[in-house]
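In: have a look at this prediction, sequence included:
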Amino acid sequence: MNKKDLKIIASLREYGREPLTTMSKKIKVPVSTIFDRLRWQEKNEIIKPTALINFNKLGLEVRASLFLKVDKKDKSGLKEYLVNNNLVNSVYSLGNGFDFLVEAVFYKLKDLDNFLEKIEDKFEIMDKEVYYVVDELKKEGFLNNLWQVDLFV
């Protein structure tokens, strides 16, 4: 990954809704190069097309981060359950005491309680910690400005 690729990624993150021609002028890279590099980065899973969601606008007012430790025999079953659950936004496999970090969204606090009850009924949860997200202070901030490129090269 060279400086040109990093500039393209940072510019895409900062000006993602602008046409490639505008991006080209800002970072002084030909449009054809930007287009080719973006296709290469997508193909190699460096970037992916995505949308960031404002959960509150969808009525999902409760967000929580759950740390779960599960009995070894239930680990794969819980993993499958979490990955396939529509209210789970992200699931991470962890070390250092807990097995999973789960970021989930719910309409009401009662929905979170029901979610936890179902998990505890289906799987042997050995330990859990629940943290409520009160306010989002920073999201997707890594390499989202052109000035950050010089920090990595």
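Out: Nice, I can see it.
In: center of the protein - which residue?
Out: Centroid check for the chain by Cα atoms, centre = their mean gives Ser90 as the closest residue, at 6.3 Å.
In: isn't it up against Phe100?
Out: No. With contact defined as Cβ atoms under 8 Å, Ser90 does not reach Phe100; the gap is 10.3 Å. Yep, even glycine has a C-beta here, placed from its N, CA and C like the rest.
In: for the chain, which segments count as strands?
Out: Along the chain, the stretches classed as strands by DSSP state E are 62-70, 88-93, 100-106, 125-132.
In: export these as TSV, with columns for distance to Ile47 and mean pLDDT.
Out: Shown next, in TSV, are the strands of the chain (distance: least, Cβ to Cβ, whole Å; pLDDT from 0 to 100):
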stretch	distance to Ile47	mean pLDDT
strand 62-70	25	96
strand 88-93	17	96
strand 100-106	21	97
strand 125-132	29	96
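In: picking that back up, just give the nearest non-adjacent residue to the residue nearest to the centre of the chain, would you?
Out: Spatial nearest neighbour of Ser90, excluding adjacent residues (Cβ to Cβ, 6 or more residues apart in numbering): Glu103 at 4.3 Å.
In: so that neighbour bridges to which residues?
Out: Residues in a beta bridge with Glu103, per DSSP bridges, are Ser65, Ser90.
In: my guess is it contacts Asn89, does it?
Out: Yes. Look at Glu103 against Asn89 with Cβ under 8 Å: they come within range, at 4.8 Å.
In: tell me where the chain has helices.
Out: All helices of the chain, identified by DSSP state H, fall at 3-14, 20-27, 31-43, 75-83, 109-122.
In: which residues are contacting the last one?
Out: In other words, helix 109-122. Identification of contacts with helix 109-122 by Cβ atoms under 8 Å, 6 or more residues apart in numbering yields 62, 64, 66, 68, 77-78, 81, 85, 87, 104, 106, 125, 128, 130.
In: got the angle for it vs strand 62-70?
Out: Here helix 109-122 runs at an angle of 10 degrees relative to strand 62-70 (axes from the mean of the first three to the mean of the last three Cα atoms, to 10 degrees).
In: so that it lines up with my notes, have the first residue be 762 from now on.
Out: Sure thing, new numbering starts at 762, so read that last one as helix 870-883.
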